[in-house]
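Student: Coordinates for the following, if possible.
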Amino acid sequence: MGLIKAVEVTGTVDERRELHLDEPLPVAGSGPVRVIVLFDGKDDPTEEEWLKAAASNPVFDFLKDPEEDIYTPDDGKPFAIS
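Tutor: The predicted model follows:
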């Protein structure tokens with residue numbers, strides 16, 4: 001593919017998982033296309049749910065090991081918001 005042109009249109013995915021556009025595409029002729037489908041994020045977890053899941057995930061249990069606590073309050077420089 002040479003030059004790529006993007007066109008935004010809306011549509012609906014039906015129960016057979018087929019995409020139906022709300023309007024015709026503004027292109028002349030026919031040919032292959034690349035399609036990116038963006039879903040509504042209403043079922044995505046909230047930030048609070050992500051943080052709770054990360055905090056309770058056993059994959060991070062190694063961070064509770066005292067040997068992993070390598071920094072002290074004396075490390076780095078103080079950060080002040082002006």
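
Student: Just the strands from this protein, written as ranges.
Tutor: 11-13, 19-21 (DSSP state E).

Student: Please produce CSV containing those strands, extended by distance to residue 30, mean pLDDT and mean neighbour count.
Tutor: C-beta here means a position set from N, CA and C on the backbone, and glycine is covered the same way. Converted to CSV, the strands of the chain look like this (distance: least, Cβ to Cβ, whole Å; pLDDT from 0 to 100; neighbours: other Cβ atoms under 10 Å):
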stretch, distance to residue 30, mean pLDDT, mean neighbour count
strand 11-13, 18, 92, 11
strand 19-21, 15, 94, 9
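
Student: Including distance to residue 66, could these go into CSV?
Tutor: Formatted as CSV, the strands of the chain follow (distance: least, Cβ to Cβ, whole Å):
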stretch, distance to residue 66
strand 11-13, 51
strand 19-21, 54
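
Student: Contact partners for the residue of the chain most remote from its centre?
Tutor: In the chain, the residue that sits farthest from the middle, by Cα atoms, centre = their mean, is residue 74; the gap is 36.1 Å. Counting by Cβ atoms under 8 Å, 6 or more residues apart in numbering, residue 74 touches no other residue.

Student: Output the lowest-mean-pLDDT helix or strand in the chain as PDB, nothing but the C-alphas.
Tutor: Least confident helix or strand, the chain: helix 47-56 with a mean of 89, by mean pLDDT, DSSP states H and E. Extracted in PDB, the C-alpha atoms of helix 47-56 (Å, rounded to 0.1, in the frame of the first residue of the first chain):
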ATOM      1  CA  GLU A  47      -8.900   3.500  37.400                       C
ATOM      2  CA  GLU A  48      -9.800   2.500  40.900                       C
ATOM      3  CA  GLU A  49     -10.600  -1.000  39.800                       C
ATOM      4  CA  TRP A  50      -7.200  -1.200  37.900                       C
ATOM      5  CA  LEU A  51      -5.300   0.000  41.000                       C
ATOM      6  CA  LYS A  52      -7.200  -2.400  43.300                       C
ATOM      7  CA  ALA A  53      -6.400  -5.300  40.900                       C
ATOM      8  CA  ALA A  54      -2.700  -4.300  40.700                       C
ATOM      9  CA  ALA A  55      -2.400  -3.900  44.500                       C
ATOM     10  CA  SER A  56      -3.900  -7.400  45.100                       C
END
